[in-house]
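Q: Sharing a sequence plus its predicted fold:
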Amino acid sequence: MPPTNPAILSIGTSNPPNRYSQEDIYSLVCRYSEFYRTTRVQQIFMNSDIDYRHLYLDMDSFDGIETTDELHTRYLRGAMEVGREAIEKCLAAGGFDVQDIGFIVGVSCTGYLCPGLSSLFVKDLGMRNDVQRADLLGMGCAGAMPGLQRAYDFVKAYPDKKALLVAVEICSACYYFDDSLDTAVGNAICGDGAAAVVVGVTEEKHFPKILGFATHLEPSYINTVGFVQREGKLRIILSKDIRDVAGGLAKTLIDKIFSSYNVSREQISHWILHSGGRKVIDSVQREMGLTDDQVRHSKCVLKNFGNMSSPTVLFVLNEVLHHTNGSASPQSGDLGIMVAMGPGLAIEGALLQW
């Protein structure tokens, strides 16, 4: 009998070409708000453990004054350019042709499109006209995980076909300036990027199989993270409460995975944790009793890219797959846990096995 667990067969990531240091970005936002010049906000930027972020804008010509229509246009243009590059890298990495894809799911929360990203990529990439599609909106930083589950479900139903997931965010098209720490934190940590994965069934052993998924929802925190609209623009909600509850909620989810699949923390070789921010990573590390080495990939992504919302956990997976060495590289039989957190409040996870 052929294997029935879908696997992640290839991955590709992409960012806008403009890469800025945290100091450069802080200098930019200080041009437009007196509040950002305060010592407290400066500390938020400079103590973030972020060195660089990619933004889909040219800092030299950026004037900080964009209409709602201009922000939407920048989101659309950036999402298509960066998302397409991630897809093309992903297909090339696995030796796939765009015609091999039977299902595409697009994930985003930083802009609204109708038709959605999936349809736009079908046209832009010249995909088959019988490809099935889905778009997941409004799931924030956790969006890649339910997107991955939709791809998994499709392949379980059609094991001879392959599914493509693309998560893309242009967070810089959601910048908003006011005198609140919510928006200051968002502007201090969020970056732009895209990631894509192909999911399919394979008999080869070096691909991580997806053993299953888990979700934990805490509706009492539904108002602590997400977006609201102010004068037609998206304004981030990012309560400081998140950093305090992140670790405990992640532990609840992970314990659920342990009990469901009869595994223990000691059996997990690879921790693929969403780089939600320095204090979020520290909180999960503390609650789970993880070493610095076990969270190094999450911290590496945070340092070099910031929090890109939905694609971020896939960037961490890419680090695990391609930027490890020696005994830390995934070996046959290794188990890994993926975890992301987003609005809802939702903790989404998956168990992988190589």
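A: Okay, I see it. Computed from a predicted model, the values in this text were never measured in an experiment. Residues are numbered from 1 along each chain as shown.
Q: where does the stretch 251-354 of the chain have low pLDDT?
A: 324-328 (pLDDT under 70).
Q: Am I right that Val199 falls within a strand?
A: Yes - counting by DSSP: H, G, I helix; E, B strand; the rest coil, Val199 falls inside a strand.
Q: for Gly344, what are its contacts?
A: 139-140, 142, 217-219, 222 (CB atoms under 8 Å, 6 or more residues apart in numbering). Every residue, glycine included, has its C-beta placed from N, CA and C.
Q: for this protein, which helix is longest?
A: helix 68-94 (DSSP state H).
Q: packing partners for that helix?
A: Helices and strands touching helix 68-94, by 3 or more CB pairs under 8 Å, 6 or more residues apart in numbering; DSSP states H and E, are strand 7-14, helix 117-125, strand 162-170, strand 192-200.
Q: Find the residue closest to Gly333 in space, skipping its chain neighbours.
A: Using CB to CB, 6 or more residues apart in numbering and skipping residues adjacent in sequence, the residue nearest Gly333 is Trp354, 6.6 Å away.
Q: Quick check: the gap between the one you found and Lys162.
A: Trp354 sits 19 Å away from Lys162, going by CB to CB, to the nearest Å.
Q: neighbour count winner among the two?
A: The neighbour comparison of Trp354 against Lys162 (other CB atoms under 10 Å) goes to Lys162, with 23 against 19.
Q: Mind listing the residues bridging to that one?
A: Counting by DSSP bridges, Lys162 forms beta bridges with Ile101.
Q: what residues are up against the residue nearest to Gly333?
A: So Trp354 contacts 205-209, 330-334, 336 (CB under 8 Å, 6+ apart).
Q: can you rerun that using 7 Å?
A: 206, 208, 330-334 (CB atoms under 7 Å, 6 or more residues apart in numbering).
Q: If any of those residues are buried, give me the PyMOL selection for them.
A: Buried members of the contacts of Trp354, defined by 16 or more other CB atoms under 10 Å, are picked up in PyMOL with:
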select buried, resi 208+330+334
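Q: Just give the nearest non-adjacent residue to Cys29, would you?
A: Wrong residue type there; residue 29 is Val, not Cys. Nearest to Val29 is Tyr36, by CB to CB, 6+ apart, at 4.9 Å.
Q: Would you map the strands across this protein?
A: 7-14, 19-21, 52-54, 101-108, 132-137, 162-170, 192-200, 209-217, 225-230, 233-238, 268-273, 335-342, 346-353 (DSSP state E).
Q: And those: which comes nearest Gln294?
A: With respect to Gln294, and counting by CB to CB, the nearest of the strands of the chain is strand 268-273 at 4.9 Å.
Q: I'd like to know which of the strands of the chain lies nearest to Ser61.
A: strand 19-21 (13.6 Å).
Q: Now that closest one: buried residues?
A: Tyr20.
Q: same thing with stretch 97-115?
A: 98, 100-111, 113.
Q: got those residues as JSON lines, with pLDDT and distance to Val295 columns?
A: Shown next, in JSON lines, are these (pLDDT from 0 to 100; distance: CB to CB, whole Å):
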{"residue": "Val98", "pLDDT": "97", "distance to Val295": "35"}
{"residue": "Asp100", "pLDDT": "98", "distance to Val295": "35"}
{"residue": "Ile101", "pLDDT": "98", "distance to Val295": "33"}
{"residue": "Gly102", "pLDDT": "98", "distance to Val295": "36"}
{"residue": "Phe103", "pLDDT": "98", "distance to Val295": "33"}
{"residue": "Ile104", "pLDDT": "98", "distance to Val295": "32"}
{"residue": "Val105", "pLDDT": "98", "distance to Val295": "28"}
{"residue": "Gly106", "pLDDT": "98", "distance to Val295": "29"}
{"residue": "Val107", "pLDDT": "98", "distance to Val295": "24"}
{"residue": "Ser108", "pLDDT": "98", "distance to Val295": "26"}
{"residue": "Cys109", "pLDDT": "97", "distance to Val295": "25"}
{"residue": "Thr110", "pLDDT": "97", "distance to Val295": "26"}
{"residue": "Gly111", "pLDDT": "96", "distance to Val295": "31"}
{"residue": "Leu113", "pLDDT": "96", "distance to Val295": "34"}
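Q: now, which of the residues you listed sits nearest Asp241?
A: Of those, the one sitting nearest to Asp241 (CB to CB) turns out to be Cys109, at 19.8 Å.
Q: Spit out the contact partners of the nearest residue to Gly212 once chain neighbours are set aside.
A: Excluding the flanking residues, the one nearest Gly212 by CB to CB, 6+ apart is Leu351, at 5.6 Å. Going by CB under 7 Å, 6+ apart, Leu351 touches 211-212, 257, 261, 335, 337.
Q: how about a cut-off of 6 Å?
A: Leu351 makes contact with 211-212, 257, 261, according to CB atoms under 6 Å, 6 or more residues apart in numbering.
Q: burial measure for Ile237, as a count.
A: 17.
Q: That one contacts Gly226, doesn't it?
A: Yes - contact status for Ile237 versus Gly226: in contact at 5.0 Å, counting by CB atoms under 6 Å.
Q: can you count the residues close to Thr185?
A: Just so we're on the same page, residue 185 is Val rather than Thr. A count of neighbours around Val185, defined by other CB under 10 Å, yields 22.
Q: Count the neighbours of Leu137 for me.
A: 16.
Q: For it, name its beta-bridge partners.
A: Applying DSSP bridges, one finds that Leu137 bridges with Ser108.
Q: Distance check, Ile236 against Arg128.
A: Distance, Ile236 to Arg128, using CB to CB: 37 Å.
Q: Grab the nearest non-local neighbour of Gly111.
A: In space, Gly111 is closest to Tyr75, 3.5 Å off (CB to CB, 6+ apart).
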